[in-house]
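# Quick one: sequence plus predicted model below, questions after.
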Amino acid sequence: MPTATKAIYTGKAKDIFETEDPNVLRAYFRDSATAFNAQKKGEIHDKGKVNATISALLFNLVEQNGIKTHFIKQISENELLIKKVNIIPLEVIVRNIAAGSLCKRLGMKEGKILKAPIVEFSYKKDELNDPLLTRAYIKNALEITDDKTLDYITDLTLKANEIFKDFFLKIGIKVVDFKLEYGFDKDGCLLLADELSPDNFRFWDAKTNEKLDKDRFRQDLGNVEGAYQEMLKRVKEGSKNFSTQSSKPNSQSFSVRVQVLSKSDILDPQGQAVEKALTSMGYKDIKDVKIGKEVVFKIKSESSEKAKTEVNQMCERLLANPVIEDYRIEITG
Ligand SMILES: Nc1ncnc2c1ncn2[C@@H]1O[C@H](COP(=O)(O)OP(=O)(O)OP(=O)(O)O)[C@@H](O)[C@H]1O
Ligand SMILES: [Mg+2]
């Protein structure tokens, strides 16, 4: 257990502490509950324990399916050790069924099944009420990040959505929508961060559509604590299955070929040397020689789309240097 306990942030639901390791934080999950950007405040008995434990189990679930997260381990009922990240100030929201602000914004009835999952971004800024952002706002007004990172976050988020939908369906729960936060760790790796709990997911019972999340608190539906306990019980039940079965039951093998080349505006001294040599040998009509690398391997995955998401992640993290290099991924079954 870490000894240094300086709180570096006290949020609406958690306290974040430093530890002896500058790259590791301790998140203490409190029972305090807020809604409508803290206009409504209250307590949900044992929410801290429930949310810390559900988060730990769900971070494990997504990690087992190839998504990197900040989660290290649960050190007490209310506390997780997490890798410190620089949080990207975006709330990444996925919607499968219309609810909450989407209904308000579009005048739509709650419960409409969306044609396909929607990923949207809000500005993580309480003072402004976390406004919905367009890509142009993110890139050109706020200058938070670029298209490539947004595409990558969108891919990861849709992948997480498939993992969650699959997991929760087996325990009789519909995943209506949820909010994720991402951040970069000290090595520049993008990690799924914050928490995964009934505070930031909408969960409905698959048979009765009963709400089993923070909407019970927001809408004064009663039995809030019971709903959180029910979700904990079901997530624990579901986790027994995923930890005992092999993580990728229907996986097949794919051949992967990754080509990495320096970007067109980046100087490639090796390419230039070869171009000079070829020209001096009489091959006068060639230009723009680039020397790159090719990486080939086999990967087991449930589908070529999932394999591609994973390989993309590998390129961003290790196989290529995205600042100066472009890469192309080819996957064959
Ligand atoms: N791995 C991490 N490293 C650094 N900060 C983190 C990490 N995971 C989560 N956080 C941040 O810690 C805070 C968690 O506290 P809490 O959820 O109570 O905040 P909040 O009141 O929702 O505040 P905010 O409006 O900033 O999200 C959030 O600001 C969250 O972005
Ligand atoms: Mg929060």
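Cool, the structure landed. This structure is a prediction, so every number in the text was calculated from the model and none was measured. Ligands and ions are numbered 1, 2, ... in the order given.

# Closest to the centroid, which residue in this protein?
Nearest residue to the geometric centre of the chain (C-alpha atoms, centre = their mean): Leu192, 4.0 Å.

# Just to check, that residue is in contact with Asn65?
No. Under the criterion of C-beta atoms under 8 Å, Leu192 makes no contact with Asn65, lying 11.3 Å away. C-beta: built from backbone N, CA, C; applies to glycine.

# ok, back up a step: who does the residue nearest to the centre of the chain form a beta bridge with?
Thr69, Tyr182 (DSSP bridges).

# which ones are touching it?
Leu192 makes contact with Phe59, Val62, Ile67, Lys68, Thr69, His70, Leu156, Ala160, Leu180, Glu181, Tyr182, according to C-beta atoms under 8 Å, 6 or more residues apart in numbering.

# residue boundaries of the helices in the stretch 201-333 of the chain?
Secondary structure of the stretch 201-333 of the chain, counting by DSSP state H, counting those that start in this stretch: helices at 215-218, 224-244, 269-280, 304-314.

# on that earlier part again, which one of the contacts of Leu192 is nearest ligand 1?
His70 (3.8 Å; C-beta to the nearest ligand atom).

# What is the burial count for that closest one?
His70 has 24 neighbours, counted by other C-beta atoms under 10 Å.

# Can you name the residue of the stretch 201-333 of the chain nearest to ligand 1?
Proximity of the stretch 201-333 of the chain to ligand 1 (C-beta to the nearest ligand atom) peaks at Lys214, 12.0 Å away.

# What parts of this protein come near ligand 1?
Contact residues (C-beta under 6 Å from any ligand atom) of the chain with ligand 1: 9, 11-14, 16, 25, 70, 82-85, 87, 124, 126, 181, 183, 193-194.

# Buried among these? Make that a PyMOL selection.
A single PyMOL command selects the buried members of the residues of the chain next to ligand 1 (16 or more other C-beta atoms under 10 Å):
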select buried, resi 13+14+16+25+70+82+83+84+85+124+181+183+193+194
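
# So for Lys148, which of the helices of the stretch 201-333 of the chain sits nearest?
Closest of the helices of the stretch 201-333 of the chain to Lys148 is helix 304-314, at 10.2 Å (criterion: C-beta to C-beta).

# Can you mark which positions in that closest one are buried?
Across helix 304-314, burial judged by 16+ other C-beta under 10 Å covers Ser304, Lys306, Ala307, Lys308, Thr309, Glu310, Val311, Asn312, Gln313, Met314.

# what's the burial count for the residue nearest to the fourth one when sequence neighbours are not counted?
What that stands for is Lys308. With sequence-adjacent residues excluded and distances taken as C-beta to C-beta, 6 or more residues apart in numbering, Lys308 is closest to Ile331, at 5.6 Å. By other C-beta under 10 Å, the residues close to Ile331 number 17.

# Report the beta-bridge partner residues of Ile331.
Beta-bridge partners for Ile331, by DSSP bridges, are Val256.
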